[in-house]
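Asker: Test case, fold it:
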Amino acid sequence: MRENADKDPMKERYEHADQGKATMLAMIIVATIRKRLADQGVELTLADMDDLLHREDVVDRSLSILPALDAMGHVPGGAGATAMTRMLATSDPAGTPFELHDEPADSDADTLAAGIVARMKAAAFHSDEALEREMMRVEQEQDPTYMRDVLYDAIGTIRVVLGIQKGMEQQGRMQAPKPSDDGKD
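Answerer: Take a look at the predicted model:
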C-alpha cells in the first residue's frame, strides 16, 4: 500500500511524454513564425528572444498574458522582440489546426503564446489541445499568475527552438526563412 503512495501521477505522465512529437511541432511553429516575420522584413534572432525574456522579467508579474505582452511591447528594444510581443498576442483559436492569424486574441487562453504551450502539451501527452487550454483557464481562476508562467514557457520554447534552428542553418541542414515574393505564407 505504501508503494502506491510514493507514486506521483504527474511524474509518471512526464516520463511517458512523447517529447519528439512535441519538439517537431515546436520546430514547425517557430519556422512558421520566422517566415511570417521575414515577410514583414524582420529577422528573428537569439538576441531578440533574449530581449523578450528580459522584457518579460521587467514587466509586473501580476499581469496575465495579454496585458503583459502589451506592456512588453512598450519596453525599448529590438524590432524582433517588439514584433514577437504583437505576434504572441494574436488569436490562435482552440481546436483548430495551427495557423498564424493577424487578429488580436480575445483572452489569454486564445493567444498564440497559450496555443504554443497547449499544442505542445497535447502532442507530448496525446491529449486534446482544446482541453489543455480549458485546463489553463481553470488554473488561471485558481492562480491569476499562472498564465504568466505559460507566457514564459512559450517564450522560452521559442528561444530554445530558434537556437536549434540557427545551429542547423549554420551546419547547412536547414535554410533560414526568406520573405515570400508576395509577402504571404
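Asker: And the helix or strand containing residue 139, what's buried?
Answerer: Residue 139 is part of helix 129-142, with elements assigned from DSSP states H and E. By neighbour count, with 16 or more other Cβ atoms under 10 Å as the criterion, the buried positions of helix 129-142 are 129, 132-133, 136-137, 140. (Glycine included, C-beta is placed from N, CA and C.)
Asker: Next: stretch 103-117.
Answerer: Of the residues in stretch 103-117, those scored as buried under the neighbour-count criterion (16+ other Cβ under 10 Å) are 105, 107-117.
Asker: sorry, back to before: would you reformat the buried residues of helix 129-142 as JSON lines and include pLDDT and distance to residue 72?
Answerer: Supplementary listing: the buried residues of helix 129-142 in JSON lines, determined by pLDDT from 0 to 100; distance: Cβ to Cβ, whole Å:
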{"residue": "129", "pLDDT": "92", "distance to residue 72": "25"}
{"residue": "132", "pLDDT": "94", "distance to residue 72": "24"}
{"residue": "133", "pLDDT": "94", "distance to residue 72": "22"}
{"residue": "136", "pLDDT": "94", "distance to residue 72": "19"}
{"residue": "137", "pLDDT": "93", "distance to residue 72": "22"}
{"residue": "140", "pLDDT": "92", "distance to residue 72": "19"}
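Asker: from those residues, which single one is nearest residue 48?
Answerer: Ranked by distance to residue 48 (Cβ to Cβ), the buried residues of helix 129-142 are led by residue 136 at 25.6 Å.
Asker: In contact with that closest one: list those residues for me.
Answerer: The neighbourhood of residue 136, defined by Cβ atoms under 8 Å, 6 or more residues apart in numbering, consists of 108-109, 114, 117-118, 146-147, 150.
Asker: what's the single longest helix in the chain?
Answerer: Longest helix in the chain by number of residues (criterion: DSSP state H): helix 146-170.
Asker: Show me the contact partners of it.
Answerer: Judged by Cβ under 8 Å, 6+ apart, the contacts made with helix 146-170 from elsewhere in the structure are 23, 26-27, 29-31, 33-34, 44-46, 49-50, 52-53, 56, 61-65, 68-69, 84, 88, 108-109, 112-114, 116-117, 120, 136, 139-140, 174-176.
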